[in-house]
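[1] Structural data only, the sequence is not supplied:
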């Protein structure tokens with residue numbers, strides 16, 4: 001099982017600094033895939049990458065073409081609303 005990759009210091013929107021854990025994509029997947037019902041749909045490309053942003057983004061607006069203020073450094077999570085929207089396009 002992959003281990004955490006350390007910590008990093010981040011500055012919040014109110015200029016406070018804090019140390020947050022940095023994990024690899026592989027470590028996150030191995031630890032949480034079953035509990036979160038995650039299913040790998042392709043090869044393990046990018047599993048060495050580090051997740052440095054401690055928050056997620058739900059890209060509903062981006063799926064409809066609105067990219068202003070898109071949080072590209074966050075993990076992108078597609079939930080039921082995003083899946084329903086994508087199915088409606090088929």
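    That came through fine. Everything numeric here is computed off the predicted structure, so don't read it as measured data.
[2] contacts, neighbours, all on C-alpha from now
    Noted.
[3] Any figure for the gap between residue 31 and residue 68?
    Residue 31 sits 33 Å away from residue 68, going by C-alpha to C-alpha, to the nearest Å.
[4] Who has more neighbours out of the two?
    A count of neighbours by other C-alpha atoms under 10 Å puts residue 31 above the other of residue 31 and residue 68, at 14 against 8.
[5] and that one, that one's in a strand?
    No: assessed by DSSP: H, G, I helix; E, B strand; the rest coil, residue 31 does not belong to a strand; its assignment is helix.
[6] Tell me the confidence at it?
    Reading off the confidence values, residue 31 has pLDDT 94.
[7] ok, which stretches of this protein are helices?
    Assigned by DSSP state H, the helices in the chain fall at 25-32, 60-63, 80-88.
[8] Let me see the domain layout of this protein.
    Under automatic domain parsing, the residue ranges defining each domain of the chain are 1-52, 55-90.
[9] which of those has the lowest average pLDDT?
    domain 1-52 has the lowest average pLDDT among the domains of the chain, namely a mean of 82.
[10] quick one: that one to chain centroid distance?
    The chain centroid and the centroid of domain 1-52 are separated by 8 Å under C-alpha atoms, centre = their mean, to the nearest Å.
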